[in-house]
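Participant: Below is the sequence, then the predicted model.
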Amino acid sequence: MQIQLAETENIEDLDERDRRRLQLEISISEVIRYREFLEKLDDRISSPFVEVTNEILPKPDKEVTATVKVSGECASCGESLSPDIDFCPFCGNF
């Protein structure tokens, strides 16, 4: 945000430059206040900024393949499938 603040010098319209500077200065101020607030809470709550190292979904044990009934219905939910897409738009299964 500080880089964007410095780049406001390139805005020719003075009103637009002042408006953008104000937006960025308020944003920077809010980030600083939020960080200070989190530091005061210290051990009372866990940090909302957590690095996640696990995968979101576990990898399947076997290869996932499309299974479509002969009638053009989704094998999972039974809704009619369009022949031009490779997944069910209702349940998301392939």
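Facilitator: Perfect, I can see it now. Numbering: from 1, shown residues only.
Participant: So which elements touch the lowest-mean-pLDDT helix or strand in the chain?
Facilitator: Ranking every helix and strand in the chain by mean pLDDT, DSSP states H and E puts helix 2-7 at the bottom, with a mean of 86. The helices and strands touching helix 2-7, judged by 3 or more CB pairs under 8 Å, 6 or more residues apart in numbering; DSSP states H and E, are helix 14-41. For every residue, glycine as well, the C-beta is placed using N, CA and C.
Participant: The helix it packs on: which residues count as buried?
Facilitator: By neighbour count on 16 or more other CB atoms under 10 Å, the buried set for helix 14-41 is 20, 24.
Participant: heads up, I number from 55, so please use that
Facilitator: In the new numbering, first residue 55, that becomes helix 68-95.
Participant: now for it, which elements pack on it?
Facilitator: Contacts defined by 3+ CB pairs under 8 Å, 6+ apart place helix 68-95 against helix 56-61.
Participant: now what about the helix it packs on, what contacts it?
Facilitator: Outside helix 56-61, the residues within contact range by CB atoms under 8 Å, 6 or more residues apart in numbering are 75, 78, 79, 82.
Participant: now the least confident helix or strand of the chain, how far from the chain's geometric center?
Facilitator: How far helix 56-61 lies from its chain's middle: 24 Å, per CA atoms, centre = their mean, to the nearest Å.
Participant: Mind putting the contacts of helix 56-61 into TSV with distance to residue 127?
Facilitator: Converted to TSV, the contacts of helix 56-61 look like this (distance: CB to CB, whole Å):
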residue	distance to residue 127
75	58
78	53
79	57
82	55
